[in-house]
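Asks: What shape does this take:
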Amino acid sequence: MAFFCLLGYCKMGKRFMNPASGGTCEEIIEKRLTGKRLSLDEGLGLYSCDLLDLGAAAQKLTKRLLPDAVTFIVDRNISSTNVCTVGCDFCAFHCDPGSANAYVLSNDEILRRVGELVELGGTQVMVQGGIHPDLGLDYYLGVVRAIHEKYPAIHIHSFSPIEMDVLSKRAGMALPELFRIFREAGLNSMPGGGAEILVDRVRERTSPKKISSGRWLEVMRAAHEAGLKTTATMVFGHIETREERLTHLMKLRELQDETRGFRSFIPWSYMPVSRMSGGRDKNQLPEPPVVPAGGDDYLRTVAISRLMLDNFDHIQSGWLTEGMRLGQAALAFGCDDMGGTLVEDKVLEPAGIKVNTRKDDLVRLIRQAGFMPVQRDTNYGIVKVFD
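Replies: Next up is the predicted model:
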């Protein structure tokens, strides 16, 4: 408790009533703790509950590989290209085709970076990038084959549902066949990027060229059915309402009921940045945030996610976007995993976030938060216990 009082989250006052469900916060929390599933209205009611009550309930529901364990993975993100024709309002990374800053990584450069990961004892690589108008199926398959052939022990966790949707359409190939050939090439699993908020009102305003919420779920369903496990994500704290956040969670929960294909859930808050380029702010939402995300809102949303996503085993702390201290605090609000060391993240660098985190950093952060660090692989197998 002392750790969280220092962060300003000391418990004060009485528990709130929950007008959305006609009951109290205690009743909603108790319902979940007894194994019952919560409704959207009950999820909304949780936003009125005492923060530490939510954290305590989330901790009781948190599954861990070992008692008091918090896991992490040594991995690397490689952005294959920064050229993107989707042009999401909240993205400061992308550039237009023909820009002086545009790049496409060669297989040799990608393999060099994977080699650096291997030297660090890493086990997973995530390759993904923008939607480049000139890159086709051969490029993506070539990347996977090159990594798999040279580094067969590295788990290739790559390419977002957005990229897979575009490849399917460009190649005129149905998703099941597309995923079959990617698996044969060496792809092991997929990240859950591009979900943002799975409500089309939000997507049409922030990223109108991106696939619909229904198509994102369709791509993920096809990936799961093809034997590719994935993660699921949520970017919140922009123009979405709390009801739309809960709708997002319930759509993920429904697909997980159907496929059991999601390994983990990764929520993080929108990071605004004013970065002028050619007189245009490259990270500008079409309207002010409905519920601006701060530390309290982030921890509350993490805990509520743990209570709502009753069929997800793992939730990752967003230390990369939220900061180290808040990332540590999230470990007491339902997160059992700190994600990856990453080594680099070119997508976040334009927002002022430099990534150079090593294994020792995550071990230290987890210990400082009062948990036992455990290095894992992508499948949540134990690599090393730091007791």
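
Asks: How far does the one helix or strand V114 maps to sit from its chain's centre?
Replies: Using DSSP states H and E, V114 maps to helix 107-119. Put simply, helix 107-119 sits 23 Å off its chain's centre (C-alpha atoms, centre = their mean, to the nearest Å).

Asks: likewise stretch 196-208?
Replies: Centroid separation for stretch 196-208 versus its chain: 17 Å, with C-alpha atoms, centre = their mean.

Asks: tell me the mean pLDDT for that stretch?
Replies: Stretch 196-208 comes out with an average pLDDT of 94.

Asks: before we move on, what about stretch 140-149?
Replies: On average, stretch 140-149 scores 97.

Asks: repeat for stretch 372-384
Replies: Averaged across stretch 372-384, pLDDT comes to 97.

Asks: Name the residues that touch that stretch?
Replies: 65-74, 123-124, 155, 157, 188-189, 229, 263, 313-314, 337, 359, 362-363, 366-367, 385-387 (C-beta atoms under 8 Å, 6 or more residues apart in numbering). Where you see a C-beta, it was placed from the backbone N, CA and C, and this is true even at glycine.

Asks: can you do 6 Å?
Replies: By C-beta atoms under 6 Å, 6 or more residues apart in numbering, the residues outside stretch 372-384 that reach it are 65, 68-69, 71, 73, 123-124, 155, 157, 363, 366, 385-386.

Asks: Generate a PyMOL selection restricted to the buried entries among the residues you listed.
Replies: Of the contacts of stretch 372-384, the buried ones go into a single PyMOL selection, burial set by 16 or more other C-beta atoms under 10 Å:
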select buried, resi 65+69+71+73+123+124+155+157+363+366+386
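
Asks: Show me the contacts of stretch 372-384 that map onto helices.
Replies: With DSSP state H as the criterion, helices contain 363, 366 from among the contacts of stretch 372-384.

Asks: what sits against the closest residue to L299 other than its chain neighbours?
Replies: Of all residues not flanking L299 in the chain, F333 sits nearest, at 4.8 Å (C-beta to C-beta, 6 or more residues apart in numbering). Applying C-beta under 6 Å, 6+ apart to F333 gives the contacts 55, 58, 299, 302-303.

Asks: The stretch 151-300 of the chain: strands as residue ranges?
Replies: Using DSSP state E, counting those that start in this stretch, the strands of the stretch 151-300 of the chain run over 155-156, 189-190, 229-236, 262-269, 276-277, 280-281.

Asks: Quick check: mean pLDDT of the fifth one?
Replies: If I follow you right, that is strand 276-277. 35.

Asks: Then the first one?
Replies: The predicted model gives strand 155-156 an average pLDDT of 98.

Asks: That strand pairs with which strands, parallel or anti?
Replies: Here strand 155-156 has these sheet partners by DSSP bridges: strand 124-128 (parallel).

Asks: next one: the following helix or strand past the partner strand to chain centre, how far?
Replies: Per DSSP H and E, the first helix or strand lying C-terminal to strand 124-128 is helix 137-150. Between the centre of helix 137-150 and the centre of its chain there are 24 Å (C-alpha atoms, centre = their mean).

Asks: from now on call the first residue 346
Replies: Okay, using 346 as the starting number, the last item reads as helix 482-495.

Asks: what comes up buried for helix 482-495?
Replies: Residues of helix 482-495 classed as buried by neighbour count (16+ other C-beta under 10 Å): 482, 485-486, 488-493.

Asks: Specify which member of those is nearest to A540.
Replies: Y485 (20.2 Å; C-beta to C-beta).

Asks: and the gap between that closest one and R548?
Replies: For Y485, the distance to R548 (C-beta to C-beta, to the nearest Å) stands at 24 Å.

Asks: So for M669, which of the strands of the stretch 496-645 of the chain sits nearest?
Replies: So among these, strand 607-614 is nearest, using C-beta to C-beta, at 13.9 Å.

Asks: That closest one pairs with which strands, parallel or anti?
Replies: Here strand 607-614 has these sheet partners by DSSP bridges: strand 574-581 (parallel), strand 659-660 (parallel).

Asks: okay, those in JSON lines with mean neighbour count and distance to Q473 next?
Replies: Output for those, formatted as JSON lines (neighbours: other C-beta atoms under 10 Å; distance: least, C-beta to C-beta, whole Å):
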{"stretch": "strand 574-581", "mean neighbour count": "23", "distance to Q473": "12"}
{"stretch": "strand 659-660", "mean neighbour count": "24", "distance to Q473": "20"}
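
Asks: how about TSV for the ones you listed, with mean pLDDT added?
Replies: Converted to TSV, the strands paired with strand 607-614 look like this (pLDDT from 0 to 100):
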stretch	mean pLDDT
strand 574-581	97
strand 659-660	98
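
Asks: quick one: low-confidence ranges for the stretch 596-732 of the chain?
Replies: Scanning the stretch 596-732 of the chain for pLDDT under 70 picks out 617-638, 687-701.

Asks: could you dump the contacts of F678 to JSON lines with distance to W561 and secondary structure?
Replies: Output for the contacts of F678, formatted as JSON lines (distance: C-beta to C-beta, whole Å; DSSP: H, G, I helix; E, B strand; the rest coil):
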{"residue": "G400", "distance to W561": "30", "secondary structure": "helix"}
{"residue": "A403", "distance to W561": "26", "secondary structure": "helix"}
{"residue": "L644", "distance to W561": "26", "secondary structure": "helix"}
{"residue": "V647", "distance to W561": "22", "secondary structure": "helix"}
{"residue": "A648", "distance to W561": "25", "secondary structure": "helix"}
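
Asks: which among the residues you listed gets closest to L600?
Replies: When the contacts of F678 are ranked by distance to L600 (C-beta to C-beta), V647 comes first, at 20.2 Å.

Asks: which residues does the closest one contact?
Replies: Listed by C-beta under 6 Å, 6+ apart, the contact set of V647 reads 675, 678-679.

Asks: Mind doing that once more with 7 Å?
Replies: Listed by C-beta atoms under 7 Å, 6 or more residues apart in numbering, the contact set of V647 reads 612, 660, 675, 678-680.

Asks: ok, of these, which one's closest to E464?
Replies: Looking across those and measuring by C-beta to C-beta, the closest to E464 is C680, at 28.9 Å.
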